[in-house]
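Undergrad: output the structure for:
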Amino acid sequence: MGTWGTRNFENDGSQDWVFEMMDNKDGGMVADTLQFTLNKDGVLDTSECEDALAAAEVVAALSGKASEDFPEDPLDNLDSLQLLATPALRKLAANVVEKIRTASEMKEVRTEEGQLDSWDAVLADLIKRLGF
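TA: As a prediction, this is how the structure comes out:
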């Protein structure tokens, strides 16, 4: 898996997750991934973070607030999932982003790479786009 930046779709894991969701036409993956991440005990590993951040980005995009790096093809077809960004789903996504932001392997890696500030700004922006 490759990573080429601090934005949420600048890694293979998040890209793969969103394309798998669209290929399977499975909007349920969004809530399932977010709920799994929120309920998981211990430190989240990087791949779990990539999946969860992709799911949170889907929720933001469904709210009309997609990130600049959201892959174009899935973005153009999100309405085919028949998934609504309800207040509860947006709150779940924001809680997951905050969990990743405070206690995750991804945070540790970003800290070691000297990218913590730029990564944290990306997550703060996502929380804002989710409405919190």
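Undergrad: tell me which residue is most central in the protein.
TA: By C-alpha atoms, centre = their mean, the chain has its centre lying nearest to Leu53, at 1.5 Å.
Undergrad: next structured bit after the strand or helix carrying Ala54?
TA: Using DSSP states H and E, Ala54 maps to helix 46-62. Downstream of helix 46-62, the next assigned helix or strand under DSSP H and E is helix 72-76.
Undergrad: ok, the nearest residue to the residue nearest to the centre of the chain once chain neighbours are set aside to Met106 distance?
TA: Nearest residue to Leu53 in three dimensions, chain neighbours excluded: Asn8, at 4.4 Å (C-beta to C-beta, 6 or more residues apart in numbering). Where you see a C-beta, it was placed from the backbone N, CA and C, and this is true even at glycine. Asn8 is 10 Å from Met106, where distance means C-beta to C-beta, to the nearest Å.
Undergrad: and if you look at Gln35?
TA: For Gln35, the distance to Met106 - C-beta to C-beta - is 19 Å.
Undergrad: who has more neighbours, the two?
TA: Neighbours were counted for Gln35 and for Met106 using other C-beta atoms under 10 Å; Met106 has more, 25 against 14.
Undergrad: run through who's touching the least confident helix or strand in the chain by mean pLDDT.
TA: Evaluated with mean pLDDT, DSSP states H and E, the helix-and-strand set of the chain has its lowest mean pLDDT in helix 72-76, which scores a mean of 90. Here helix 72-76 makes contact (C-beta atoms under 8 Å, 6 or more residues apart in numbering) with 18-19, 21-22, 61, 66.
Undergrad: try it again with 6 Å
TA: Residues outside helix 72-76 that contact it (C-beta atoms under 6 Å, 6 or more residues apart in numbering) are 18, 22, 66.
Undergrad: can you name every helix or strand that the helix holding Ala54 contacts?
TA: Contacts defined by 3 or more C-beta pairs under 6 Å, 6 or more residues apart in numbering; DSSP states H and E place helix 46-62 against helix 12-23, helix 28-39, helix 87-102, helix 105-112.
Undergrad: all set now, cheers.
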